[in-house]
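In: Would you be able to build a 3D model of this:
(2 chains)
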2 protein chains.
Amino acid sequence: MKLTVIGVGSASPQVDKNPSAFLLSIDNEYILIDCGEGTQYRLLDQSIKVSRIKTICISHLHGDHYFGLIGLLSSFNLKGRKDPITLVGPEGLQKILDIQFEAANTTLNYELNFVLNRNSQDKVLLEKKNFKIESIPLIHRVQSTGFLVTEKEGDRHIQAHKLPENFPLPFYSELKKGNDVVDPLTNITYLASELTKSGTPKKVFAYCSDTAYNPEIVPIVKEANLMYHEATFLKDLDQRAEMTQHSTALQAGKIAKAAVVKKLLLGHLSSRYKSSEEHISEAKEAFGNVEMAIEGAVYDVI
Amino acid sequence: MKLTVIGVGSASPQVDKNPSAFLLSIDNEYILIDCGEGTQYRLLDQSIKVSRIKTICISHLHGDHYFGLIGLLSSFNLKGRKDPITLVGPEGLQKILDIQFEAANTTLNYELNFVLNRNSQDKVLLEKKNFKIESIPLIHRVQSTGFLVTEKEGDRHIQAHKLPENFPLPFYSELKKGNDVVDPLTNITYLASELTKSGTPKKVFAYCSDTAYNPEIVPIVKEANLMYHEATFLKDLDQRAEMTQHSTALQAGKIAKAAVVKKLLLGHLSSRYKSSEEHISEAKEAFGNVEMAIEGAVYDVI
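Out: Residues are numbered from 1 along each chain as shown, chains lettered A, B, ... in the order given. Predicted coordinates for the structure are as follows:
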């Protein structure tokens, strides 16, 4: 699992920042999380194969998190995409897209499967073969939902040297799943626990933006391998953070510490801040392993 | 009157092009014509004072001409704009904006005055002190309208050396408008034709995108000082141009020649073309004074 940062800006446009967009790759399949204006151009700049995007998750309907979506979906169509897209988003998003497709006389050549996100705690939004996406209920001025993406534990690894010669091939996949196998010809039982080792451990990425300080998410993001948390303000503006329902860098650090995540990435800084150094040192008051999310950088989720 | 080119790309996103957006300045007031995705970021890159934009004209509801509008209008609000905006656009545009403002709980702090453009020929869409905007009916897959922006002729220039001493100050403005003045005290008549010269001649800019070849617009754009005309294809693809209701470079040249415009700018080239040289030479078969519209460049309308 890898996270590519496309945009970490906040609501006011800035020359050197793009609005929110993050690309999570799992086994060469991409999940796009948020899609601010210009995201499709940034994906193009970075030569990212957009055909690999199969899932798009939109956190909330403030423009800096979704104004680029209609353009990306329209371009998929122009380029002849046939592969379906699963779009996870809040109430209202589908109508916003439909009205614009209709105005352009656009009929999509691919399926756009909408998953309505009602922001209920711990709800599984999407489950696929190798990952699942659950909602993280956030607190913001409009319904806002974070996403907990869990890459499932991989198949168990076969210990080939422990297997007898001429071991029947069809038994492999059962053992990989952790199931014991009885050979009907010989009546011998093969134990998965003896013949296999654990597969790749599960990986968890948590995306929390935009939100006021919300300790209720701690049990949900518990022990995530990587958490992105917005840090719009510094703590001296905590009242402004509360009023606008955003977080401070210190609050992001507190969530990370309480949830014992492995690593914290910060972003969505207010355009009033010209540097991010103070955000990092402030978050470090609570939690050590913290970095600024840098546009264009790729982070291993380990 | 000056034209700043912000974007001349066509529907498929390209690394080195921005979608359609043009800024026309008249006496330090800006008219934004079309607003493709990312326009607000390009205006920021070019340090353009967006507070000077008072009028926005949207030609049609294909995304490469308007997907950046909602972001620009939202950012005006975030930045505390109070000055009204006049928005000229087709049926459906207002609803697309309203539904998105509503989803974000956004109440605009400035007036957004919508002028519905029904595409009827020669209709005056907007008339202000120093310019007027008329529609140019285009032919496209959805209703598409070009814009004819006419900077009105300036006030006549007073020939100060021809005026008597102690010439009454209130008479100046009448003479500037070209009106003769009778002094009620002396009964002397002052003739505007003798005491003034013509003011700055009117300037006309014509914007024609997107459209199939449409000679019916020739009388409307007649003698424009500058015409921007789309040239999506070269003439070897004229059937594709007809099918998709776009123009070839030659067709753009033919319109320019028939209308005796002073200068032609081409743009909106299909992403299949890596260079624009052939478009220029093809347009020159019909019309000599032609250039490619270059993003970031400023063209005097003379």
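In: Identify all contacting residues around the helix or strand of chain A with the lowest mean pLDDT.
Out: Every helix and strand of chain A was ranked by mean pLDDT, DSSP states H and E. The lowest is helix A:170-176, at a mean of 89. Around helix A:170-176, the neighbours that count as contacts under Cβ atoms under 8 Å, 6 or more residues apart in numbering or on different chains are A:Asp155, A:Arg156, A:His157, A:Ile158, A:Asp180, A:Val181, A:Asp183, A:Tyr190, A:Ala192, A:Leu195, A:Thr196, A:Gly199. The C-beta positions use only the backbone N, C-alpha and C, and glycine is treated the same way.
In: ok, of those residues, which come out buried?
Out: A:Asp155, A:Arg156, A:Ile158, A:Val181, A:Tyr190, A:Ala192, A:Leu195, A:Thr196 (16 or more other Cβ atoms under 10 Å in any protein chain shown).
In: TSV for those, including distance to B:Thr106 and pLDDT?
Out: As requested, the buried ones among the contacts of helix A:170-176 are exported to TSV (distance: Cβ to Cβ, whole Å; pLDDT from 0 to 100):
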residue	distance to B:Thr106	pLDDT
A:Asp155	48	86
A:Arg156	52	90
A:Ile158	57	91
A:Val181	61	93
A:Tyr190	63	92
A:Ala192	56	92
A:Leu195	61	92
A:Thr196	56	93
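In: Just the ones of the residues you listed in helices?
Out: If you go by DSSP state H, those have A:Ala192, A:Leu195 in helices.
In: Out of the buried ones among the contacts of helix A:170-176, which is nearest to B:Ser74?
Out: A:Asp155 (47.0 Å; Cβ to Cβ).
In: ok, now which ones touch the closest one?
Out: So A:Asp155 contacts A:Lys176, A:Lys177, A:Gly199 (Cβ under 8 Å, 6+ apart).
In: Quick one: name the residues of chain A near chain B.
Out: Neighbours of chain B within chain A, by Cβ under 8 Å from any Cβ of the partner chain: A:11-15, A:37-38, A:40-41, A:44-45, A:61-63, A:67-68, A:70-71, A:74-75, A:78-79, A:92-93, A:95-96, A:99-100, A:102-105, A:141-142.
In: Go again with 6 Å.
Out: A:11-13, A:15, A:37-38, A:40-41, A:44, A:61-63, A:67, A:70-71, A:74-75, A:78, A:92, A:96, A:99-100, A:103-105, A:142 (Cβ under 6 Å from any Cβ of the partner chain).
In: Output the below-cut-off pLDDT ranges for the stretch 51-200 of chain A.
Out: Within the stretch 51-200 of chain A, the stretches with pLDDT under 70 are A:120-122.
In: Helices of that one, residue ranges please.
Out: A:69-78, A:93-103, A:170-176, A:192-195 (DSSP state H, counting those that start in this stretch).
In: which of those sits most buried?
Out: Using mean count of other Cβ atoms under 10 Å in any protein chain shown, the stretch among those with the largest mean neighbour count is helix A:69-78, at a mean of 22.
In: how big is the angle separating it from helix B:69-78?
Out: Between the axes of helix A:69-78 and helix B:69-78, defined by axes from the mean of the first three to the mean of the last three Cα atoms, to 10 degrees, the angle is 170 degrees.
In: thinking again about what came up before, where's the least confident helix or strand of chain A relative to the chain centroid, distance-wise?
Out: Per Cα atoms, centre = their mean, to the nearest Å, the displacement of helix A:170-176 from the mean C-alpha position of its chain is 31 Å.
In: Tell me how far A:Ile26 lies from chain B.
Out: Note on A:Ile26: its distance to chain B, by Cβ to the nearest Cβ, to the nearest Å, is 25 Å.
In: swap in A:Ser144?
Out: 11 Å.
In: Return the residues in contact with that residue.
Out: Residues near A:Ser144 by Cβ atoms under 6 Å, 6 or more residues apart in numbering or on different chains: A:Ser59, A:His60, A:Leu138, A:Asp210.
In: Show me what residue of the stretch 151-300 of chain A gets nearest to chain B.
Out: Proximity of the stretch 151-300 of chain A to chain B (Cβ to the nearest Cβ) peaks at A:Ser271, 9.6 Å away.
In: Could you find the closest non-adjacent residue to that residue?
Out: A:Ser12 (4.3 Å; Cβ to Cβ, 6 or more residues apart in numbering or on different chains).
In: A:Ser59 and A:Tyr66 touch, don't they?
Out: No: shown here, A:Ser59 and A:Tyr66 do not form a contact pair, counting by Cβ atoms under 6 Å, at 8.2 Å.
In: what helix or strand does A:Ile280 sit in?
Out: Assigned by DSSP states H and E, A:Ile280 belongs to helix A:277-284.
In: Would you pull up how far that helix lies from the middle of the chain?
Out: 23 Å.
In: which other residues reach it?
Out: For helix A:277-284, using Cβ under 6 Å, 6+ apart, the contacting residues are A:Ala231, A:Leu234, A:Lys235, A:Ala249, A:Leu250, A:Ala252, A:Gly253, A:Leu266, A:Val290.
In: Including neighbour count, could those go into TSV?
Out: Output for those, formatted as TSV (neighbours: other Cβ atoms under 10 Å in any protein chain shown):
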residue	neighbour count
A:Ala231	34
A:Leu234	21
A:Lys235	16
A:Ala249	31
A:Leu250	22
A:Ala252	31
A:Gly253	26
A:Leu266	26
A:Val290	24
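In: Arrange those in a markdown table, one row each, with secondary structure as further columns.
Out: As requested, these are exported to a markdown table (DSSP: H, G, I helix; E, B strand; the rest coil):
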| residue | secondary structure |
| --- | --- |
| A:Ala231 | coil |
| A:Leu234 | coil |
| A:Lys235 | helix |
| A:Ala249 | helix |
| A:Leu250 | helix |
| A:Ala252 | helix |
| A:Gly253 | helix |
| A:Leu266 | strand |
| A:Val290 | strand |
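In: Just confirm A:Arg52 contacts A:Asp27, I think it does.
Out: No: the pair A:Arg52 / A:Asp27 is not scored as a contact, 10.0 Å apart, by Cβ under 6 Å.
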